[in-house]
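Asker: A predicted structure for the sequence below; I have some questions about it.
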Amino acid sequence: MSVSSGKTVPFLTQEILSHLGLANKTAAWGTLGTLRTFLSFSVDKDVQRLLRAITGQGVDHRAIVDVLTNRSREQRQLISRAFQERTRQDLLKSLQAALSGNLERIVVALLQPAAQFDAQELRTALKASGSAEDVAMEILATRDPSQLQECLTVYKHYFQVEAEEDIKSETSGILRDLLLALAKGGRESYSGIIDYNLAEQDVQALQQAEGPSTERTWVLIFTQRNPVHLIRVFDQYQQYTGQELEEAVRNRFHGDIQVALLSLASVIRNTPLYLADKLHQALQETKPNYRILMRILISQSETDLLSIRAEFKKKFGKSLYSSLQDAVKGDCRSALLALCRAEDI
């Protein structure tokens, strides 16, 4: 991706986000990420090690992977800045020149701010046939409000168009309405108070919706209510009708909107399980879908990848780490395994 100014891409993004008051926001990954802040962090040592890795006789892939998959995203940004100051070279461009294929893509993603990575993945999906709704759903539905705002701001800056405009032009019908509703970030926040009356009203609205308004009623409730409230709606729907809400979706809807509503229901019920399912599907293809593996492992490595690993093992009876070991080939294997981190017994 080209940028007109002489600044490196990551720091231009940081500059954009700083105007939103989001650049210095503390990461909310707590203890559920596989990748934590490296406590013995020395930016000078890391710069020197990366410099040796790309200027020695032959590129030292192991050293590059070891540094970048053992530092938080914030620490990687500090390394990039220090590398630029000490060598007058752009670390991202230097590594791109030294690497290729999937390992190059992983390294680029690791060195990008999270919002830029999401924006780029969203744009690629919207412009590529066949994957728009799947990837857009994943990014728009699983990011918290501040992450989503950052992504959409960066999207507009780099691509000179609002993400909503691309959604309008690349999707259609009720699926477009659903993705636009998610992109607006209008989902209610959980206040800590359970509104039993609203839950009952929503269940009745879902049951009674008929004709042209059916899809819009379901989309509105699925995209505007907070997940805690929706779980209650899902449970009450089953109590009142004797039918799981997902089964009702299968009976009432068809095609893309059915798939989208089922995906959204899965995100609402259990986001780590939803992402574990996506990883499993990516590993089951004849050739692993590296783009999905990279996107989820990188984007969730500092948030909830431990939870995703637990759901993966629970559902499929085999650890994510072992599954990656068995399926993934090539020079990116060590990087993906490093992000996954460890075996689940």
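Answerer: Looks like it came in fine. On a predicted model such as this, the values are computed, not experimentally measured, just so you know.
Asker: From residue 321, how far off is the residue lying closest to residue 319 once chain neighbours are set aside?
Answerer: Distance criterion Cβ to Cβ, 6 or more residues apart in numbering; nearest residue to residue 319, sequence neighbours excluded, is residue 344 at 4.2 Å. Where you see a C-beta, it was placed from the backbone N, CA and C, and this is true even at glycine. According to Cβ to Cβ, to the nearest Å, residue 344 and residue 321 sit 7 Å apart.
Asker: Find the residues that touch each one of the two.
Answerer: Counting by Cβ atoms under 8 Å, 6 or more residues apart in numbering, the common neighbours of residue 344 and residue 321 are residue 309.
Asker: quick one: low-confidence parts of the stretch 51-200 of the chain?
Answerer: Within the stretch 51-200 of the chain, the segments meeting pLDDT under 70 span 129-131.
Asker: which stretches of it form helices?
Answerer: Residue ranges of the helices in the stretch 51-200 of the chain, as given by DSSP state H, counting those that start in this stretch, are 61-68, 73-87, 91-98, 101-111, 114-127, 132-142, 145-159, 163-170, 173-183, 196-208.
Asker: want to throw those into JSON lines with distance to residue 330 and mean neighbour count?
Answerer: Output for those, formatted as JSON lines (distance: least, Cβ to Cβ, whole Å; neighbours: other Cβ atoms under 10 Å):
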{"stretch": "helix 61-68", "distance to residue 330": "11", "mean neighbour count": "19"}
{"stretch": "helix 73-87", "distance to residue 330": "22", "mean neighbour count": "18"}
{"stretch": "helix 91-98", "distance to residue 330": "16", "mean neighbour count": "18"}
{"stretch": "helix 101-111", "distance to residue 330": "6", "mean neighbour count": "20"}
{"stretch": "helix 114-127", "distance to residue 330": "21", "mean neighbour count": "22"}
{"stretch": "helix 132-142", "distance to residue 330": "22", "mean neighbour count": "22"}
{"stretch": "helix 145-159", "distance to residue 330": "29", "mean neighbour count": "20"}
{"stretch": "helix 163-170", "distance to residue 330": "31", "mean neighbour count": "18"}
{"stretch": "helix 173-183", "distance to residue 330": "33", "mean neighbour count": "21"}
{"stretch": "helix 196-208", "distance to residue 330": "46", "mean neighbour count": "15"}
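Asker: Next, the contact list for residue 106, please.
Answerer: So residue 106 contacts 294, 298, 332, 335, 336 (Cβ under 8 Å, 6+ apart).
Asker: Kindly recompute the last result at 7 Å.
Answerer: 294, 332, 335 (Cβ atoms under 7 Å, 6 or more residues apart in numbering).
Asker: Reformat the residues you listed into TSV and put secondary structure and pLDDT next to each item.
Answerer: Shown next, in TSV, are the contacts of residue 106 (DSSP: H, G, I helix; E, B strand; the rest coil; pLDDT from 0 to 100):
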residue	secondary structure	pLDDT
294	helix	97
332	coil	94
335	helix	97
